[in-house]
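J.: Can you look at this prediction? I've put the sequence above it.
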Amino acid sequence: MNRRMIGGLAVAVIIGLLFSSYVYRRLQLLSNARPVPTRLLVVAYRSMQLGTRLDAQNLRMISWPGDEPIPGSFSRIEDCAGRALITPVAENEPILEERLAPKEAGAGLPATIPEGMRAVSVAVNDVVGVAGFVIPGTMVDVLVTGQVPGAQQGFITRTILENVRVLAAGQKVEQDRDGKPTSVPVVTLLVSPDDAAKLTMGATQGRIQLALRNTIDTKVAEPAPVLQAVLFGGAAPPAPHKTTARKIEPPRPPSPYVVEVLTGTKKEEKAFANP
C-alpha cells in the first residue's frame, strides 16, 4: 500500500467521523426539543352540501397544534352532531359554529334559511339558468320581461331583484301536455318576503331571466327598464312635455304733462312728454 492510498483512507476516515459527530449532535438536539402540544379537531370526513345533517358517519377527528386554535371549532363530535350545514364544506375542512344551523332548525333546505327570509323556487331552462352555471352559493340578478296593460310601447324588461343568493339548483318532475312525467330544472332563491312576492308575480305573469354576477360584487346598479319599441326602433321615447311661453307685452308709455297757457284772453293747452 503506497502513501497516496494511505492518505486518501485517512481523509475518508476523518470526514466520516465529522459527519457522524454532526448527525449525533442533531439527534441529541431533537431528542431534547420540547414536544408541541396538540388538541383534537372535528373535520368533515367527506365533502358535504348545505342542509346535510352531521353525524359520526360524516365526521372525524384529527390532531391540531394546540397553540394555534381555530375560533368556533369543535373538539368533540357529539358537540356538533345532529346539526345541519348552512354552507357546503370540503373534505377535511374544520367544522365551525358559524357554518351550522341551530339544533332545533332540523336538516335539509329549511335549516339554511335565516330568520326573516324566504326560499322561493322558480322553473328555469338552460338559457334562464345561465347554461348550468347557476349553482348553490352563486349570486344572481332577476330580470322579468312582460307587457304592461294599456301601454303602447309593447313589452318591457325590468330588473326586479339584485344580488340574490341561490340556495339550491336541481330538478323536479311535472306532467307535460300529454300527462307524461318530464324533468324541469328548478332554482331556489333566498329572498325577503317582499321580494318573494315580486319574484312570484314575475314568474307567473312574465318571463324571468337570471343574470349571473361575481360573488364579491354587491353593488346595487338599479338599471333602467328597457322598452321593446325603443330597443327595436319601432317608436321613439315619449317627448318631454313643452309649456307654451306666454307673450309679454311691452309697458305702455307714461301719459304726457298738460299745461294751460293764458295769452291775454286766449286760453290754450300744451302737452309735454313725461320723462
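T.: Received, thanks.
J.: Determine the set of other helices and strands touching the top strand by length along the chain.
T.: Taking DSSP state E as the criterion, the chain has its longest strand at strand 155-175. Secondary-structure packing of strand 155-175 (3 or more C-beta pairs under 8 Å, 6 or more residues apart in numbering; DSSP states H and E): strand 118-123, strand 139-147, strand 181-191, helix 193-205, strand 226-227. (Each C-beta comes from the backbone N, C-alpha and C, glycine too.)
J.: Highest mean neighbour count out of those?
T.: Most buried of the helices and strands packed on strand 155-175 by mean neighbour count (mean count of other C-beta atoms under 10 Å) is strand 139-147; its value is a mean of 19.
J.: Direction included, what does that strand pair up with?
T.: Sheet pairing for strand 139-147, assigned by DSSP bridges, gives strand 155-175 (antiparallel), strand 207-213 (antiparallel).
J.: Just the buried positions in the first one, please.
T.: Residues 155-162, 164-169 are the ones in strand 155-175 that count as buried (16 or more other C-beta atoms under 10 Å).
J.: sorry, back to before: let me know the angle separating the longest strand of the chain from helix 193-205.
T.: Counting by axes from the mean of the first three to the mean of the last three C-alpha atoms, to 10 degrees, strand 155-175 lies at 80 degrees to helix 193-205.
J.: could you dump strand 155-175 to PDB, C-alpha only?
T.: Output of strand 155-175 as PDB, limited to C-alpha atoms (Å, rounded to 0.1, in the frame of the first residue of the first chain):
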ATOM      1  CA  PHE A 155     -93.000  44.500 -23.900                       C
ATOM      2  CA  ILE A 156     -90.700  45.800 -21.200                       C
ATOM      3  CA  THR A 157     -87.800  44.200 -19.400                       C
ATOM      4  CA  ARG A 158     -87.100  45.300 -15.800                       C
ATOM      5  CA  THR A 159     -84.500  44.200 -13.200                       C
ATOM      6  CA  ILE A 160     -86.700  43.400 -10.100                       C
ATOM      7  CA  LEU A 161     -84.100  41.800  -7.800                       C
ATOM      8  CA  GLU A 162     -80.300  42.200  -7.500                       C
ATOM      9  CA  ASN A 163     -77.600  40.300  -5.600                       C
ATOM     10  CA  VAL A 164     -79.800  37.300  -4.700                       C
ATOM     11  CA  ARG A 165     -78.200  34.100  -3.400                       C
ATOM     12  CA  VAL A 166     -79.000  30.700  -5.000                       C
ATOM     13  CA  LEU A 167     -79.900  28.200  -2.300                       C
ATOM     14  CA  ALA A 168     -80.400  25.100  -4.500                       C
ATOM     15  CA  ALA A 169     -80.500  24.100  -8.100                       C
ATOM     16  CA  GLY A 170     -82.000  20.800  -9.200                       C
ATOM     17  CA  GLN A 171     -84.800  19.000 -11.000                       C
ATOM     18  CA  LYS A 172     -88.500  18.400 -10.300                       C
ATOM     19  CA  VAL A 173     -90.900  16.200 -12.100                       C
ATOM     20  CA  GLU A 174     -94.000  17.700 -13.800                       C
ATOM     21  CA  GLN A 175     -96.500  16.400 -16.300                       C
END
